[in-house]
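[1] Quick one: sequence and predicted model below, then my questions.
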Amino acid sequence: MCTSSFVLLSDIHCTGDRGSVVIRRKSTSRVERGVPGSAIPFTACPAKSYLGADGRVYAGRTVLNHCQIVGEVARELIRRIPANIAQSLFPDGSPLVAGSHDVGKVSPTFYNKIMRACSAEQVPGFNPDLERSWGGHAGVSQLTAKALGVPEYVPEILGQHHGFSPPLSGKRADDAIFGGADWQREREKLAEALQVALRESWPRITSASQARLLAGLTSVADWIGSGQFFEDPQASWEKSIGKALDAAGFVPALCKPGLSFEQAFGFSPRDAQSILINQVTSPGVYVLEAPMGLGKTEAALYAAYRMLSSGQASGIYFALPTQLTSNKIFERFNGFLKTVLTEDCPHRSLLLHANAWLLDTDMGEEGRPGGAWFNQTKRGLLAPFAVGTIDQALMAVMNVKHGFVRAFGLAGKVVILDEVHTYDAYTGALLDALVQLLRELHCTVIILSATLNQERRQQLLGQPVSACDYPLISATPQNGGVLELPVPSGPSRQVNIALQSCEKAAIEQALLRAEQGQQVLWIENTVQEAQKRYLDLAARANELGVACGLLHSRFTAANRQSIEEKWVNLFGKPGWVKRGEQGRILVGTQVLEQSLDIDADFMISRFAPTDMLLQRLGRLWRHEETPRGAGAKPEAWLLVPELKAAIESPPAHFGMSAFVYSPYVLCRSLEVWQHIKALSLPGDIRDLIEHTYVSREEQGAMSRWLAELDDGTSRRKGRKALRQLARVALAEAGKTLPESKAQTRYSDADNFDVLVLRAICRNRAGDTTTLTLLNGDQVELPLQRHRLSRSDWRQRSAVLMRQVVAVRGQDAPKALPLKTLQGFGLHHCFYLGSPDWPEDEGVLRVALVDEMDVLRGVEYADVHEKHQLEYRNDLGYRVLKNQEA
């Protein structure tokens with residue numbers, strides 16, 4: 001049972017290397033603490049509660065003790081970064097900032113929050129629920145620091161340590177709601193005690209980017225310092241600092257020295273690869289524009305290895321356009337790391353599978369199952385080595401919850417941005433800001449692209465460029481100008497192009513080619529169109545002895561992995577031995593154009609902007625030595641409308657593509673491709689891109705679509721508005737966005753997670769939930785967290801996360817009440833929002849698949865207001881209009 005006795009600080013002195021604070025304890029009653037209404041001494045204020053083995057809540061460590069632990073965790077985090085990087089990034093006094101994050105817990109409302117959880121005596125007159133109106137104790141920390149007159153940026157860092165800016169307008173540290181002057185004096189005493197304990201003074205922070213870095217350090221140190229190693233308030237903690245960081249995966253990388261490119265990959269580098277490698281000798285920004293299949297990935301990885309082995313980088317983040325493509329390239333990245341890391345490097349054990357970092361590391365409070373950062377896509381940013389999406393990296397510069405944690409995770413690393421295109425104005429503005437931030441955070445940024453135009457390259461580099469060569473390397477090392485280096489293009493290949501307006505003819509051609517034994521790719525611009533095309537082809541293909549598959553983003557991770565494993569291998573080098581067994585048709589979306597080493601004999605593609613089409617053509621006759629079916633020749637059919645009609649009414653003639661891509665860009669692209677019968681790759685790439693995107697005056701209907709591109713319509717925002725929205729998203733001040741509302745692409749963003757199950761039910765005792773997965777397996781969730789170990793919870797959560805599909809908000813099932821989700825124990829596995837920040841809604845939806853593959857609501861609730869939803873293992877998540885159902 002919790003008691004109301006507390007710890008008084010009768011003496012503070014520092015001992016040992018860490019400057020531990022020794023606290024002499026004595027039990028005191030409420031009368032001994034002072035007159036009613038006076039402040040509780042800071043030494044008696046608890047920072048935490050914890051769940052005992054008996055399932056009861058107990059008061060944990062004091063605020064002073066917890067803050068000191070977090071300060072020491074921050075110090076050790078910095079120490080584990082290569083020295084030259086750490087010295088350039090973190091000012092003296094950084095551990096004090098992290099350690100001071102919770103001074104606001106010395107407040108009557110927070111004190112009562114802990115006492116209420118422990119069923120203990122509270123300070124009268126202070127309702128803990130009021131904390132929501134000022135962002136909880138973090139808001140009090142910010143106001144306290146401001147009243148102390150600490151250096152610029154520090155108050156805001158303390159206020160944001162839970163990921164968002166607290167609403168503090170008009171409030172002061174000594175306001176009555178925070179306990180008045182008496183409680184403020186106790187907070188000031190705590191701040192002074194922390195300076196003594198940590199032997200640090202307040203740092204001078206020189207820039208907004210450095211402040212963002214320290215905010216990330218503070219949050220991560222807090223998570224780790226709140227973890228399992230520090231829960232027991234009676235246990236000593238000094239020797240647990242290193243163990244906690246080891247368990248969280250913050251272990252320095254150990255590289256084998258002096259490996260050659262050939263030793264790393266098994267073949268000699270091409271000229272273009274060697275030129276890039278020779279340029280990347282210091283942090284900076286490097287752009288490699290080269291055709292598909294030239295080995296850009298290997299060049300970037302070896303350059304990263306050189307930076308790591310020379311101590312100029314702390315890790316690698318490989319950012320890809322979509323999560324789907326990142327799953328496959330993980331295998332290549334994994335193989336590379338196994339080669340370059342030493343045999344005793346601890347990270348080798350984390351590279352066995354994509355969920356290893358999730359399962360084998362303990363990130364502390366926010367990184368536990370049910371926490372905001374128990375998620376592979378997020379936590380990968382904090383791992384020394386990770387493959388992830390560019391969206392997660394983009395949020396490092398956005399005013400989004402925990403955006404600064406992402407900045408901390410990327411600092412000092414080699415960040416490889418793969419398949420960078422001429423993005424829309426919104427994403428482009430975010431990407432420019434990201435590159436600038438990474439430059440300031442001592443990163444080595446390597447941008448890979450086959451299809452940049454000159455204007456976009458200049459924006460990314462932030463300096464004027466002039467070269468029109470292709471392939472091309474543009475290098476801007478730290479504190480240097482732009483160096484533009486033409487590189488050899490390698491062998492040229494010819495691709496025949498046919499524009500086709502008849503979809504029935506295209507279907508017949510795909511079946512004919514596949515019947516002849518060819519491997520056919522069919523790429524659509526939306527999931528809905530890809531599903532429809534697959535249904536058109538699959539039944540007839542089966543009759544002809546032709547295999548047919550579908551790959552897009554709206555499968556569960558479990559289904560997606562098996563589909564991807566099968567089809568990407570069949571269309572890639574591993575499938576060469578099986579290539580002659582039968583013809584195949586793989587239908588997919590844009591995921592097939594990105595970062596996949598697949599090789600088709602024949603391709604059919606829905607028309608798209610020029611840069612996207614060129615990416616798709618990179619999956620056609622990719623390797624000279626690939627075995628081919630009878631009669632195969634490098635040829636692509638593009639499904640296009642008639643140019644004049646398309647210009648007059650793009651939505652009517654481009655269909656759903658006109659809602660995915662800008663009608664103006666589609667029309668400009670169609671003008672460029674109108675008379676093309678054959679392409680020489682890579683020789684024609686630069687001209688095609690520049691002719692598509694060069695600025696020009698327009699007349700007639702084209703002037704209308706250009707104006708729409710700039711100014712927008714009632715249904716689509718224009719470039720001017722998008723740039724303004726990007727500026728708002730990038731704002732360092734103002735309202736923090738929850739991740740569910742923080743779009744990194746102004747399009748149909750997948751921003752809801754749908755947990756797809758066969759069944760969900762509680763047992764008769766009502767203390768356990770059983771979830772039946774799509775494959776019939778069952779997962780049991782106790783409603784009380786203490787009934788499972790941390791490892792067991794991580795394992796169950798990882799299994800359930802593989803049953804999730806990411807969908808657009810308008811396509812998601814209806815939300816269930818928070819109490820319903822908690823009643824099933826799902827809050828132990830999924831993040832469902834923050835009680836201190838009502839705007840931070842959970843993005844989890846739950847739906848059940850019946851025997852007809854139709855999605856139903858939980859406990860007979862309606863699943864969707866307008867549409868019928870389905871989930872099939874071969875089609876994925878499907879939205880049917882009611883009249884089609």
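    Thanks, I have the structure now.
[2] What are the contacting residues of the one helix or strand residue 671 maps to?
    Using DSSP states H and E, residue 671 falls within helix 663-673. Contacts of helix 663-673 with the rest of the structure, by C-beta atoms under 8 Å, 6 or more residues apart in numbering, involve 497, 499, 607-610, 613, 638, 640-641, 643, 646-647, 650-651, 654, 657-658, 688, 691-693, 702, 705-706, 708-709. Yep, even glycine has a C-beta here, placed from its N, CA and C like the rest.
[3] how about the helices of the stretch 251-400 of the chain, start to end?
    261-265, 271-279, 296-309, 323-340, 356-360, 376-379, 390-394 (DSSP state H, counting those that start in this stretch).
[4] weakest of the ones you listed in terms of mean pLDDT?
    Looking over the helices of the stretch 251-400 of the chain, mean pLDDT reaches its minimum on helix 356-360, with a mean of 62.
[5] Touching, residue 844 and residue 829? I think so.
    No. In this structure residue 844 lies outside contact range of residue 829 using C-beta atoms under 8 Å: 9.4 Å.
[6] before we move on, back to that, mind checking which of the helices of the stretch 251-400 of the chain is nearest residue 316?
    helix 296-309 (4.9 Å; C-beta to C-beta).
[7] now the angle from the closest one to helix 271-279?
    20 degrees (axes from the mean of the first three to the mean of the last three C-alpha atoms, to 10 degrees).
[8] low-confidence ranges in the stretch 601-750 of the chain?
    714-722, 724-729, 731-735, 740-750 (pLDDT under 70).
[9] which residues in it form helices?
    610-617, 643-648, 650-654, 657-660, 663-673, 685-693, 700-711, 719-730.
[10] which stretch among these comes nearest residue 45?
    helix 719-730 (37.3 Å).
[11] So what touches the helix or strand following that closest one?
    Using DSSP H and E, the helix or strand that follows helix 719-730 towards the C-terminus is strand 752-757. The contact list for strand 752-757, computed with C-beta under 8 Å, 6+ apart, reads 556, 740, 771-774, 800, 803-809, 812-813, 826, 830, 843-849, 855, 871, 877.
[12] avg pLDDT for strand 752-757?
    pLDDT averaged over strand 752-757 gives 94.
[13] Adjacent strands (with direction) for the helix or strand just after that strand?
    Next along the chain after strand 752-757, taking DSSP H and E as the criterion, comes strand 759-762. The strands beside strand 759-762 in its sheet (DSSP bridges) come out as strand 768-772 (antiparallel).
[14] Need the residues that contact the partner strand.
    Here strand 768-772 makes contact (C-beta under 8 Å, 6+ apart) with 757-763, 778-783, 800, 824-826.
[15] Let me know the secondary structure of the closest residue to residue 204 other than its chain neighbours.
    Excluding the flanking residues, the one nearest residue 204 by C-beta to C-beta, 6 or more residues apart in numbering is residue 151, at 5.5 Å. Here residue 151 is coil, with the state taken from DSSP: H, G, I helix; E, B strand; the rest coil.
[16] measure residue 151 to residue 290 for me?
    46 Å (C-beta to C-beta, to the nearest Å).
[17] Looking at the two, which is more packed in?
    residue 290 (26 against 15; other C-beta atoms under 10 Å).
[18] and the nearest residue to that one once chain neighbours are set aside, how many neighbours?
    Among residues not flanking residue 290 along the chain, residue 471 sits closest, at 3.9 Å (C-beta to C-beta, 6+ apart). Using other C-beta under 10 Å, residue 471 has 24 other residues around it.
[19] Can you point out the buried residues in stretch 256-272?
    Within stretch 256-272, the residues scored as buried using 16 or more other C-beta atoms under 10 Å are 259, 261, 264, 265, 269, 270, 272.
[20] The third one is in contact with residue 341, isn't it?
    No. In this structure, residue 264 sits apart from residue 341 without contact. The criterion is C-beta under 8 Å, and the distance is 11.2 Å.
[21] and residue 712, bridged to which residues?
    residue 717.
[22] could the helices of the stretch 601-750 of the chain be laid out in CSV, adding mean neighbour count and distance to residue 549?
    As requested, those are exported to CSV (neighbours: other C-beta atoms under 10 Å; distance: least, C-beta to C-beta, whole Å):
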stretch, mean neighbour count, distance to residue 549
helix 610-617, 25, 17
helix 643-648, 16, 31
helix 650-654, 19, 26
helix 657-660, 20, 22
helix 663-673, 22, 28
helix 685-693, 20, 29
helix 700-711, 16, 36
helix 719-730, 17, 36
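[23] Could you dump those helices into JSON lines with distance to residue 819 added?
    Shown next, in JSON lines, are the helices of the stretch 601-750 of the chain (distance: least, C-beta to C-beta, whole Å):
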{"stretch": "helix 610-617", "distance to residue 819": "45"}
{"stretch": "helix 643-648", "distance to residue 819": "52"}
{"stretch": "helix 650-654", "distance to residue 819": "43"}
{"stretch": "helix 657-660", "distance to residue 819": "37"}
{"stretch": "helix 663-673", "distance to residue 819": "46"}
{"stretch": "helix 685-693", "distance to residue 819": "52"}
{"stretch": "helix 700-711", "distance to residue 819": "45"}
{"stretch": "helix 719-730", "distance to residue 819": "32"}
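[24] so which of these comes closest to residue 84?
    Nearest of the helices of the stretch 601-750 of the chain (C-beta to C-beta): helix 719-730, 29.1 Å.
[25] quick check, residue 215 in a helix?
    Yes. Counting by three-state DSSP, one finds residue 215 located in a helix.
[26] ok, it touching residue 404?
    Yes. Shown here, residue 215 and residue 404 form a contact pair, counting by C-beta under 8 Å, at 3.9 Å.
[27] anything in contact with each of these two?
    residue 160.
[28] Next one: the closest residue to residue 85 other than its chain neighbours from residue 102, what distance?
    Excluding the flanking residues, the one nearest residue 85 by C-beta to C-beta, 6+ apart is residue 412, at 4.1 Å. Separation of residue 412 from residue 102 (C-beta to C-beta) stands at 27 Å.
[29] cool, and residue 824?
    Separation of residue 824 from residue 102 (C-beta to C-beta): 32 Å.
[30] Same check on residue 571?
    To residue 102, residue 571 is 53 Å away according to C-beta to C-beta.
[31] host element of residue 86?
    helix 83-89.
[32] follow-up on the earlier one: which one of residue 215 and residue 404 has more residues nearby?
    When neighbours are counted by other C-beta under 10 Å, residue 215 and residue 404 differ, and residue 404 comes out ahead with 30 against 27.
[33] That one belongs to a helix, doesn't it?
    Yes. Applying three-state DSSP, one finds residue 404 inside a helix.
[34] what's the closest of the buried residues of stretch 256-272 to residue 297?
    When the buried residues of stretch 256-272 are compared against residue 297 (criterion: C-beta to C-beta), the nearest one is residue 265, at 9.9 Å.
[35] That closest one contacts residue 305, doesn't it?
    No. If you go by C-beta under 8 Å, residue 265 and residue 305 don't touch, sitting 10.4 Å apart.
[36] what's the overlap in contacts for those two?
    residue 336.
[37] Domain parsing of this protein, as residue ranges.
    14-247, 267-486, 493-681, 752-884 (automatic domain parsing).
[38] so can I have TSV of those showing distance to residue 254?
    What follows is the domains of the chain, written out as TSV (distance: least, C-beta to C-beta, whole Å):
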stretch	distance to residue 254
domain 14-247	12
domain 267-486	4
domain 493-681	28
domain 752-884	26
